[in-house]
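Q: Return a 3D structure for these sequence lines:
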Amino acid sequence: MSELPGIVIAGASGRMGQMLIRSVLDDDRMRLVGALERPGHDWVGRDVGEAMGGAPLGVQVYDDALEPMARAQAVIDFTAPEATIALSHVAAQARAAHIIGTTGMTEAQIAQLEPASRHCAIVRAGNMSLGVNLLVQLTKQVAAALDEDFDIEVIEAHHHHKVDAPSGTALMLGEAAAEGRGVVLNAVKDAARDGITGARTRGHIGFSNIRGGDIVGEHDVLFAGQGERIVLRHMATDRALFAKGALKAALWAQGQAPGEYDMLDVLGLKR
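A: The predicted structure follows:
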């Protein structure tokens with residue numbers, strides 16, 4: 001049996017799922033051992049290579065995670081909150097690392113991952129790119145250096161298929177700004193402005209969301225003072241960078257103790 005870590009990809013038929021599958025196949029440090037789709041999906045039971053329109057790969061698409069996870073060392077999961085929570089229980093049973101890129105999770109849903117983290121390593125991030133995680137650190141530092149005379153606004157843009165807002169990355173940036181200011185984000189968060197909202201509340205962190213076309217992901221953190229503005233920006237032009245980060249996380253998680261981690265741990269940027 002190969003000593004390379006076996007990887008399962010959840011949400012195989014989606015754009016991100018297919019990119020992750022191709023990325024694993026192209027990486028000589030790991031092997032693809034299974035793909036997952038929801039029950040009733042027409043990919044279930046098929047060879048994933050043929051389902052993607054190519055040659056057979058000898059890897060099946062499953063609707064029950066237990067069988068492929070028993071042969072895996074990690075599962076990479078960019079799906080939906082409910083599916084991610086269910087998959088965390090299987091990852092815990094299999095003692096396989098759970099790499100989570102799923103966005104739109106509530107605090108209550110995130111808390112439901114904690115029992116699984118006692119048995120397996122969970123790496124969860126709203127964004128898995130190196131550049132974004134550097135931006136998170138910069139946002140925290142700038143927010144700590146500037147007082148409430150500077151308003152903070154997180155501005156994000158994504159493709160028209162995205163279903164959650166603000167994006168997971170925007171929330172990461174908001175959390176970093178709040179941490180830099182020494183406050184709790186939920187206490188100072190302004191989102192979904194509409195109508196006569198009144199003047200901006202001093203010290204609040206705002207979110208503005210754009211959806212359109214095929215925008216992969218753009219994030220600005222605006223620090224707006226009197227007579228000057230500071231803008232920190234990250235622009236993603238290729239979804240492959242998220243797959244690259246997820247694979248890096250899957251490799252890093254091998255041998256890690258059970259627990260909850262993020263990409264700052266993976267990239268060695270934790271302070």
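Q: Quick one: mean pLDDT over the longest helix seen in the chain.
A: Counting by DSSP state H, the longest helix found in the chain is helix 130-145. Helix 130-145 carries an average pLDDT of 95.
Q: go on, stretch 183-192?
A: On average, stretch 183-192 scores 95.
Q: now the end-to-end length of it.
A: From its first residue to its last, stretch 183-192 covers 21 Å (C-alpha to C-alpha, to the nearest Å).
Q: hang on, the earlier thing: and the longest helix of the chain, what does it pack against?
A: The contact analysis (3 or more C-beta pairs under 8 Å, 6 or more residues apart in numbering; DSSP states H and E) places helix 130-145 against helix 168-181, strand 217-224, strand 229-236, helix 240-252, helix 263-266. Yep, even glycine has a C-beta here, placed from its N, CA and C like the rest.
Q: what about 7 Å?
A: Here helix 130-145 touches helix 168-181, strand 217-224, strand 229-236, going by 3 or more C-beta pairs under 7 Å, 6 or more residues apart in numbering; DSSP states H and E.
Q: State the number of residues packed around residue 198.
A: For residue 198, the tally of surrounding residues (other C-beta atoms under 10 Å) stands at 7.
Q: and the gap between it and residue 222?
A: Distance, residue 198 to residue 222, by C-beta to C-beta, to the nearest Å: 20 Å.
Q: Leaving out chain neighbours, which residue sits closest to the spatially most central residue of the chain?
A: Among the residues of the chain, the one closest to the centroid is residue 101, at 2.7 Å (C-alpha atoms, centre = their mean). Nearest in space to residue 101, with sequence neighbours left out and distances taken as C-beta to C-beta, 6 or more residues apart in numbering, is residue 78 at 4.1 Å.
Q: got a list of what the one you found touches?
A: 11, 16-17, 101-102 (C-beta atoms under 7 Å, 6 or more residues apart in numbering).
Q: Using ChimeraX, make a named selection holding only the buried ones among those residues.
A: With 16 or more other C-beta atoms under 10 Å as the criterion, this ChimeraX line picks the buried residues out of those:
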select :11,16,17,101,102
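Q: Tell me which two of the contacts of residue 78 sit farthest apart.
A: 17 and 102 (11.9 Å; C-beta to C-beta).
Q: Tell me where the protein has strands.
A: 6-10, 31-36, 61-62, 74-77, 97-100, 121-124, 151-158, 189-190, 205-211, 217-224, 229-236, 259-261 (DSSP state E).
Q: Which strands or helices does the third one pack on?
A: The reference is to strand 61-62. Using 3+ C-beta pairs under 7 Å, 6+ apart, strand 61-62 is in contact with strand 31-36.
Q: Let me know the angle separating the strand it packs on from strand 6-10.
A: Orientation of strand 31-36 against strand 6-10 (axes from the mean of the first three to the mean of the last three C-alpha atoms, to 10 degrees) gives an angle of 30 degrees.
Q: just checking, what packs against strand 31-36?
A: When contacts are defined as 3+ C-beta pairs under 7 Å, 6+ apart, strand 31-36 packs onto strand 6-10, helix 15-25, strand 61-62.
Q: Can you list the strands that that strand pairs with?
A: strand 6-10 (parallel), strand 61-62 (parallel) (DSSP bridges).
Q: any idea which of these is most buried?
A: With neighbours taken as mean count of other C-beta atoms under 10 Å, those reach their highest mean count in strand 6-10, at a mean of 29.
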